[in-house]
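Q: what follows is a predicted protein model with its sequence.
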There are 2 protein chains.
Amino acid sequence: MAQILKGKEVADALVESMKQDVEALKAKGITPTLGIVRVGERDDDISYERGATKRCASVGVGIKNYVLPADATQDALLKVIQEVNNDKSVHGVLLFRPLPKHINDGVIRAALLPSKDIDGITDGSLAGVFANIPLGFPPCTAESCMAILAHYGIEIAGKRVTVVGRSLVIGRPVAMMLMHKNGTVTICHTKTKDLPSVIKEGEIVIVAAGVAESVGAESLRAGQVVIDVGIHMKEGGGMCGDVKFAEAEPIVQAITPVPGGVGAVTTCITIQHVIQAAKAGA
Amino acid sequence: MAQILKGKEVADALVESMKQDVEALKAKGITPTLGIVRVGERDDDISYERGATKRCASVGVGIKNYVLPADATQDALLKVIQEVNNDKSVHGVLLFRPLPKHINDGVIRAALLPSKDIDGITDGSLAGVFANIPLGFPPCTAESCMAILAHYGIEIAGKRVTVVGRSLVIGRPVAMMLMHKNGTVTICHTKTKDLPSVIKEGEIVIVAAGVAESVGAESLRAGQVVIDVGIHMKEGGGMCGDVKFAEAEPIVQAITPVPGGVGAVTTCITIQHVIQAAKAGA
């Protein structure tokens, strides 16, 4: 029977500490504020926006919404980015992507100040997480994994760590963050040979393969801590992760559930970044 | 008896191909030109400058020297960086570091255009090598390792690769470059437990520990390709690498010597970057 690493427990603790931070900032006359930039009316974006707004309100963080029509020009969006960059009352920016095809994603990302890039999408933030320097912010999902390990007191230093997946939003940044904490990290991907053996080497395993239930008993062993980053809708209803939970749970030492694991922490990290940005600017 | 991966052979091949590139650029009226920025009169810098100047001349690449006194102000150096940034006839910049203590290294690096940063010292170059996007240039030593593997036809895709060392000038960037070529990379460092076992896992091993003759028979096995990045002066005279060459050579499949390995390629990569920068700007 594995220990279940519940995201809600981590999120609750983060919320408590964030509330105190916000109070301290408000005492200085600063309300940490998130700017949400949305182009178009995609259901996913609107639903995420609603959730983030509720979560921000519960912590005392303000929201400013910037909504452009789906056919807005690149220049119009650039103007909004510049406005947010220059607005000292907005501390962090969440920009929904992918952007419409007529807008150049690279141009927009390059325009955003790394100091307000709470979602880790600028080149500055990439350099920051690679070099371990205070420039921008790491992607929120990568930091969620780190927050779960920290909350449950799981030591990283000196451990073998296997990261499955090398994307820029999770695999690569989380690998760097684990290495900065003195883990010995192996990064796996679709071209890795004998993946189950490499996963078995890990004392900590971060699974961000992006393929539903692709890691099972053949890859796992006793004593492992497994963080499952995948979120997939099941055909018959319900959700699952990248790991076959029912197979993994009797084998490993600890594992995050899906839902209720990494995903439950990510919004909190977004808001934490806004507060950190407000502190840095204060 | 291991195959000896000689740097000179790689450098000679690079020089031939660079000569052709330079001819093609000169036919378009462009002389690829390296700007060398030096503060003070440190012997090491002057000696490197002399070598680079000779090597540039042999390939047909121009040089512009910018020399400031050791007590030059930060503003004076910034002015030189701006001058080089704006000078279309200078394609790449080599800045000797460490800078004198009264000059803020971060401020100077931030001022340099990534497109001219042929030595991979800007945040743009760090983001480029991390994200595998065409922004700036990777550090020359990291690319030397890749050039040696490419020259000798050593396949990386699907291989287990161990990188010993996680510095920003070699360990981390070379790990990323090997991952971009589909190697399954493990990054080791001073906090890694049972280092010899982890090194033995690698089919390709990049040793950039920075400690003379710290890797020997206990860490090696048949079939490995070993790239030794270390360069150290021996007490009794002569040079050695991070690997105990005499122990390693009878065991492994292939190994770079020291001297005459990675170090013999690095200057060529610097010049190749100048040519690439000139091509990109042409």
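A: Noted; the coordinates are in hand.

Q: and the gap between the residue most central in space within chain A and residue A:235?
A: Among the residues of chain A, the one closest to the centroid is residue A:141, at 1.7 Å (CA atoms, centre = their mean). Distance, residue A:141 to residue A:235, by CB to CB, to the nearest Å: 24 Å. No exception for glycine: its C-beta is placed from N, CA and C like everyone else's.

Q: just residue A:242 next, same as before
A: Using CB to CB, we find residue A:242 at a distance of 16 Å from residue A:235.

Q: if you count what's nearby, which of these two comes out ahead?
A: In terms of neighbours (other CB atoms under 10 Å in any protein chain shown), residue A:242 is the more surrounded of residue A:242 and residue A:235; the figures are 23 against 7.

Q: quick check: mean pLDDT of stretch A:171-179?
A: Taken as a whole, stretch A:171-179 has an average pLDDT of 98.

Q: residues in contact with that stretch: which ones?
A: A:120, A:126, A:129-130, A:132, A:138-139, A:141-143, A:145-146, A:156, A:161, A:163-166, A:185, A:187, A:189, A:204, A:206, A:208, B:130, B:166, B:172, B:176, B:187, B:189 (CB atoms under 8 Å, 6 or more residues apart in numbering or on different chains).

Q: and if we set it to 6 Å?
A: Identification of contacts with stretch A:171-179 by CB atoms under 6 Å, 6 or more residues apart in numbering or on different chains yields A:129-130, A:138-139, A:142, A:145-146, A:156, A:161, A:163, A:165-166, A:185, A:187, A:206, A:208, B:187.

Q: off-centre distance for it?
A: Remark: stretch A:171-179 is offset 12 Å from the chain centroid, using CA atoms, centre = their mean, to the nearest Å.

Q: pull it out as PDB, backbone CA atoms only.
A: Extracted in PDB, the C-alpha atoms of stretch A:171-179 (Å, rounded to 0.1, in the frame of the first residue of the first chain):
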ATOM      1  CA  GLY A 171      10.100  17.400 -18.500                       C
ATOM      2  CA  ARG A 172      13.100  19.600 -19.200                       C
ATOM      3  CA  PRO A 173      12.500  22.200 -16.500                       C
ATOM      4  CA  VAL A 174      11.600  19.700 -13.800                       C
ATOM      5  CA  ALA A 175      14.800  17.800 -14.600                       C
ATOM      6  CA  MET A 176      16.800  21.000 -14.100                       C
ATOM      7  CA  MET A 177      15.000  21.800 -10.900                       C
ATOM      8  CA  LEU A 178      15.600  18.300  -9.500                       C
ATOM      9  CA  MET A 179      19.300  18.600 -10.500                       C
END
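
Q: average pLDDT for stretch A:46-53?
A: pLDDT averaged over stretch A:46-53 gives 91.

Q: and if you look at stretch A:73-91?
A: 97.

Q: stretch A:139-159 now?
A: 98.

Q: near chain B at all, that stretch?
A: Yes: interface with chain B: stretch A:139-159 contributes A:157-158 (CB under 6 Å from any CB of the partner chain).

Q: contacting residues around stretch A:219-230?
A: So stretch A:219-230 is contacted by A:145, A:154, A:170, A:196, A:199-200, A:204-208, A:241-243, A:248, A:251-256, A:258, A:261-262 (CB under 6 Å, 6+ apart).

Q: quick one, which of the residues you listed are buried?
A: Buried members of the contacts of stretch A:219-230, counted by 16 or more other CB atoms under 10 Å in any protein chain shown: A:145, A:154, A:170, A:199-200, A:204-208, A:241-243, A:248, A:251-256, A:258, A:261-262.

Q: excluding sequence neighbours, find me the nearest residue to residue A:270.
A: Leaving aside its chain neighbours, residue A:270 sits nearest to residue A:140 (5.0 Å; criterion: CB to CB, 6 or more residues apart in numbering or on different chains).

Q: same check on residue A:81?
A: residue A:111 (4.5 Å).

Q: isn't the residue nearest to residue A:270 up against residue A:267?
A: No: using CB atoms under 6 Å, residue A:140 makes no contact with residue A:267, being 7.9 Å away.

Q: of the two, which one has the most company?
A: Shown here are residue A:140 and residue A:267; by other CB under 10 Å, residue A:140 has more neighbours (24 against 19).

Q: let me see the contact set for that one.
A: Counting by CB under 6 Å, 6+ apart, residue A:140 touches A:266, A:269-270.

Q: try it again at 7 Å.
A: Listed by CB atoms under 7 Å, 6 or more residues apart in numbering or on different chains, the contact set of residue A:140 reads A:119, A:266, A:269-270.

Q: so the residue nearest to residue A:81 sits against residue A:79, correct?
A: No: Residue A:111 lies out of contact with residue A:79 (CB atoms under 7 Å); the separation is 9.7 Å.

Q: just the buried positions in stretch A:128-142, please.
A: When neighbours are counted by 16+ other CB under 10 Å, the buried residues of stretch A:128-142 are found to be A:128-131, A:135-142.

Q: all strands of the stretch 51-200 of chain A, in order?
A: With DSSP state E, counting those that start in this stretch as the criterion, the stretch 51-200 of chain A has strands at A:62-68, A:92-95, A:160-164, A:184-188.

Q: now the first one: how far from the chain's centre is it?
A: Taking CA atoms, centre = their mean, one finds strand A:62-68 lying 21 Å from the centre of the chain it belongs to.

Q: neighbouring strands for it, and are they parallel or not?
A: According to DSSP bridges, strand A:62-68 forms sheet pairs with strand A:33-39 (parallel).

Q: so what touches the strand it pairs with?
A: Under the contact criterion CB under 7 Å, 6+ apart, strand A:33-39 has outside partners A:45, A:49, A:52, A:56, A:61-68, A:70, A:72, A:77, A:80, A:84, A:89-96, A:99-100, A:274.
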